[in-house]
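Chemist: got a sequence here, can you model it:
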Amino acid sequence: MRDLPIELVSAVVQDVSATVDLLHLRSLNRSYRELVTPHAFSKLHIKNSIQSAQNCCQIIGAASLAIHVREVVYDSRDNEHFRLPPDDVDSADAGSELEEALTHAFCGITALPEIESVVLNFWPSFLCQESGREVCENPFWFINRQLTLLHAIYHGMKTSRLTTLSFNNVILPSTGYDFVSSLMDSPLSHISVSVVANAEVSAWSASNNINGSLGALLPPSNPTLKSIVLRSPQGAYHSLATRLSSFYYPSLESLVLENIIFDHTPSFDGVEEFVIRHKDTLQRLELQSCACYVPDPATNVRQWSTIWQRWAAELTSLTEFVVNDGDHRYVLFDTDRGYIPHREISTLVYEDDSSSLQAFKANIAAGQVAVV
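Modeler: Model prediction:
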């Protein structure tokens, strides 16, 4: 393989994705090293371990390698279901050492001259430095590690070229995110926040009020942000602390909401008004499994049809609207079970909702735009 034409080797390298294979190719000779290095180090994977964090720091410290890094991915795990461990897990000593190593690594990403994207996946377990085994993490330390790493990332964005930021499995306490508001000149054009569902957090904390605002990690208003994704993939998310009234992004073009609960009464702090506030620029809107909150069974619901009709009248820049017919629900709050389906909704309400949704889609389609 050492004697193959460089054009053929280059084609082979482009089809190799496994890091270990790329590193083997890179070790063959100088020509291979020069050819493989940009591909091998374009994406930097950091596992949830002290050793991996230290390896990351070494790459960042090597200018010949750091210049090739475009994306940093933290703790990516395939096909793993998020679940908080029992509160009696004791991982304080090992957790604090890991937190220190990871903080050092993520504070160092400002030294990556071509960094574009960071993906943080939070899991409540880590690899023990001594045994190499997976260790469950106390929820307190898990949340503390999240806050520390998020703080490091937001601090680094003040001087980095980062344009895309994604968080997965985030628990949003009602306090602790003051550092976000200090990012006055955010470089981000896209942010994605995937939060832990109300039911999962409530089962651990024995409280239904711990969830913080969906806007906790959104940068202050700026003209750079073009795309926002707010998701709760494992169940419904609603927070009485949500305060979105201060956020306005004059270049926002795309908004995706999944499993987010809309307030019963529209307010400037709510999601519905946040959408309306961006009516002049919003081109793509996607809603998946969202629901409207109903205070109690005796209260008249605020129908989805009302929201569809309002948006149809005001979202005049919309060119793509993604929502499944029947995928919009109504929920009640139960002190023991959390948010539960409201089962006493009449057929007429659902028919009205469906009719208004189809009319909304027809209005968009009339402008020869995409409707899904």
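
Chemist: how about Leu214, what does it touch?
Modeler: By Cβ atoms under 8 Å, 6 or more residues apart in numbering, Leu214 lies in contact with 172, 193, 195, 230, 237, 239, 242, 244, 260, 271. Every residue, glycine included, has its C-beta placed from N, CA and C.

Chemist: tell me the buried residues in the longest helix anywhere in the chain?
Modeler: If you go by DSSP state H, the chain has its longest helix at helix 347-366. By neighbour count on 16 or more other Cβ atoms under 10 Å, the buried set for helix 347-366 is 350, 352-354, 356-357, 360-361, 363-364.

Chemist: now swap in stretch 257-277 and tell me
Modeler: By neighbour count on 16+ other Cβ under 10 Å, the buried set for stretch 257-277 is 257-264, 266, 269-272, 274-277.

Chemist: same question, stretch 297-316
Modeler: Across stretch 297-316, burial judged by 16+ other Cβ under 10 Å covers 301-312, 315.

Chemist: same question for stretch 237-254.
Modeler: By neighbour count with 16+ other Cβ under 10 Å, stretch 237-254 contains the buried residues 237-239, 241-244, 247, 249, 252-254.

Chemist: regarding it, how distant is the last residue from the first?
Modeler: The separation between the terminal residues of stretch 237-254, taken as Cα to Cα, to the nearest Å, is 20 Å.

Chemist: for the stretch 151-300 of the chain, give me the ranges with low pLDDT.
Modeler: For the stretch 151-300 of the chain, applying pLDDT under 70 flags the ranges 205-210.

Chemist: show me where it has helices.
Modeler: 198-205, 271-277 (DSSP state H, counting those that start in this stretch).

Chemist: so which elements touch the first one?
Modeler: Based on contacts counted as 3 or more Cβ pairs under 8 Å, 6 or more residues apart in numbering; DSSP states H and E, the elements that helix 198-205 packs against are strand 338-341.

Chemist: now do the shortest one
Modeler: If you count contacts as 3+ Cβ pairs under 8 Å, 6+ apart, helix 271-277 packs onto helix 304-314.

Chemist: chain center to the helix it packs on, what's the gap?
Modeler: 27 Å (Cα atoms, centre = their mean, to the nearest Å).

Chemist: again, but for stretch 321-329
Modeler: Counting by Cα atoms, centre = their mean, stretch 321-329 is centred 21 Å from the centre of its parent chain.

Chemist: list the buried ones in that stretch?
Modeler: By 16+ other Cβ under 10 Å, the buried positions in stretch 321-329 come out as 321, 323, 328-329.

Chemist: pull the most distant pair out of those residues.
Modeler: Pairwise distances across the buried residues of stretch 321-329 peak at 18.0 Å for Phe321 and Arg329 (criterion: Cβ to Cβ).

Chemist: if we can go back for a sec, with only the CA atoms kept, save the longest helix of the chain in PDB.
Modeler: What follows is helix 347-366, C-alpha atoms only, in PDB (Å, rounded to 0.1, in the frame of the first residue of the first chain):
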ATOM      1  CA  THR A 347     -64.600  15.300  18.900                       C
ATOM      2  CA  LEU A 348     -65.700  18.700  17.700                       C
ATOM      3  CA  VAL A 349     -62.600  20.300  19.200                       C
ATOM      4  CA  TYR A 350     -60.300  17.900  17.400                       C
ATOM      5  CA  GLU A 351     -62.200  18.300  14.100                       C
ATOM      6  CA  ASP A 352     -61.900  22.100  14.400                       C
ATOM      7  CA  ASP A 353     -58.200  21.800  15.100                       C
ATOM      8  CA  SER A 354     -57.700  19.600  12.100                       C
ATOM      9  CA  SER A 355     -59.700  21.800   9.800                       C
ATOM     10  CA  SER A 356     -57.800  24.900  10.900                       C
ATOM     11  CA  LEU A 357     -54.500  23.100  10.500                       C
ATOM     12  CA  GLN A 358     -55.400  22.100   6.900                       C
ATOM     13  CA  ALA A 359     -56.400  25.700   6.200                       C
ATOM     14  CA  PHE A 360     -53.100  27.000   7.600                       C
ATOM     15  CA  LYS A 361     -51.200  24.500   5.400                       C
ATOM     16  CA  ALA A 362     -53.300  25.500   2.400                       C
ATOM     17  CA  ASN A 363     -52.500  29.200   2.900                       C
ATOM     18  CA  ILE A 364     -48.800  28.300   2.900                       C
ATOM     19  CA  ALA A 365     -49.100  26.000  -0.200                       C
ATOM     20  CA  ALA A 366     -50.900  28.800  -2.000                       C
END
